[in-house]
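In: what's the 3D shape of this:
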Amino acid sequence: MQKDTDTPILRFGIIADPQYADIPPHEAMNRHYARSLAKLTEAITVFNAAELDFVMTLGDIIDRDWNSFDDIMPIYQTSRHKTLFLLGNHDFAVAREHLGAVSERLGMPGRYHDFAVGKWRFAVLDGSDVSTFSAAPDDPRTALAAERLAALAAGGAINAQTWNGSLSEAQFEWLTRVMEKAQANGEAVLVLGHYPVFPENSHNMWDSQRIIDMLTGFSCFRGYFCGHNHEGNFGEIDGRPFVTFKGMVDTPDETTFAIVTVFADRIGIEGFGREVSRVMRIGA
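Out: Below you'll find the model as predicted:
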């Protein structure tokens with residue numbers, strides 16, 4: 001039977017790095033934290049005029065301070081679509097007593113999880129799982145993060161940066177099981193994270209190559225979407241796209257967000273503002 005390649009299978013909105021805080025802009029980095037409220041409002045207005053399955057924010061909802069969530073979350077509540085989140089490094093720039101409550105504040109089922117829309121499964125990663133900032137100093141993951149970072153730095157890795165992170169063994173095993181189950185059930189998988197893994201970049205996860213090797217070993221893997229690198233990026237491995245979406249917090253007044261439409265044979269990205277529009281072919 002011939003595929004219907006003209007009817008969308010699903011559509012969803014993408015926002016990366018609003019990084020809101022009620023603080024003055026960082027002019028040297030071109031980050032205008034307080035302006036993200038207006039940009040997010042514009043994005044939600046566009047999304048509300050479209051038929052979407054959900055809206056996903058790829059981390060760094062705030063730049064810092066627990067109270068920043070109180071300012072930005074009401075804008076998400078104006079969405080007529082389901083709003084989903086994953087965790088970025090700046091979402092943990094809060095007082096220590098709040099570190100364990102960030103995912104709950106965002107209404108997430110857990111720091112990493114998966115969900116399905118029809119025969120498409122989405123794996124939502126927590127790239128800050130093992131990092132120098134997402135857990136208390138006496139947490140074993142904090143010591144493990146220091147070891148991983150030191151080993152990368154000793155090897156001269158460009159992503160040996162304190163603002164990056166990595167998966168725990170438990171999360172890597174969970175992701176492998178998600179891929180195995182999806183493959184067995186005939187599902188296509190799109191992986192969503194905060195940190196890039198490809199192409200090579202200083203913003204990439206510490207364990208990028210391990211993740212790439214595992215994901216690309218499954219024919220059900222269809223691509224990887226992320227934020228964190230505010231300049232954006234794009235690459236392909238064996239025809240599978242790795243898309244880094246640009247950061248909303250950058251520039252005083254030009255926004256960036258996207259609507260992604262999945263067809264049987266391709267994924268289309270309609271970029272708004274600074275975001276790039278693309279059409280990416282996918283396998284059977």
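
In: Which stretches in the stretch 151-284 of the chain count as strands?
Out: 188-192, 221-226, 233-237, 240-244, 256-262, 266-273, 278-281 (DSSP state E, counting those that start in this stretch).

In: Any idea which of the ones you listed gets closest to D60?
Out: With Cβ to Cβ, the closest approach to D60 among these belongs to strand 221-226: 11.0 Å. C-beta here means a position set from N, CA and C on the backbone, and glycine is covered the same way.

In: and the closest one, which strands flank it?
Out: Applying DSSP bridges to the sheet, strand 221-226 is found paired with strand 188-192 (parallel), strand 240-244 (parallel).

In: Put the alpha carbons of the last one into PDB.
Out: C-alpha atoms of strand 240-244 as PDB (Å, rounded to 0.1, in the frame of the first residue of the first chain):
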ATOM      1  CA  ARG A 240      18.800  11.000  11.000                       C
ATOM      2  CA  PRO A 241      18.700  14.800  11.900                       C
ATOM      3  CA  PHE A 242      20.200  16.300  15.000                       C
ATOM      4  CA  VAL A 243      18.600  19.800  15.400                       C
ATOM      5  CA  THR A 244      19.700  22.400  17.900                       C
END
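
In: by how many degrees do it and strand 233-237 diverge?
Out: Interaxial angle, strand 240-244 versus strand 233-237 (axes from the mean of the first three to the mean of the last three Cα atoms, to 10 degrees): 160 degrees.

In: Output the helix or strand containing S36 in PDB, but only the C-alpha positions, please.
Out: Element membership for S36 (DSSP states H and E) is helix 36-48. C-alpha atoms of helix 36-48 as PDB (Å, rounded to 0.1, in the frame of the first residue of the first chain):
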ATOM      1  CA  SER A  36      11.400  36.500  27.100                       C
ATOM      2  CA  LEU A  37       7.900  37.100  28.600                       C
ATOM      3  CA  ALA A  38       6.800  39.100  25.600                       C
ATOM      4  CA  LYS A  39       8.500  36.600  23.200                       C
ATOM      5  CA  LEU A  40       6.900  33.700  24.800                       C
ATOM      6  CA  THR A  41       3.500  35.400  24.700                       C
ATOM      7  CA  GLU A  42       4.000  35.800  20.900                       C
ATOM      8  CA  ALA A  43       4.900  32.200  20.500                       C
ATOM      9  CA  ILE A  44       1.900  30.900  22.500                       C
ATOM     10  CA  THR A  45      -0.400  33.200  20.400                       C
ATOM     11  CA  VAL A  46       0.900  31.600  17.200                       C
ATOM     12  CA  PHE A  47       0.600  28.100  18.600                       C
ATOM     13  CA  ASN A  48      -3.000  28.800  19.800                       C
END
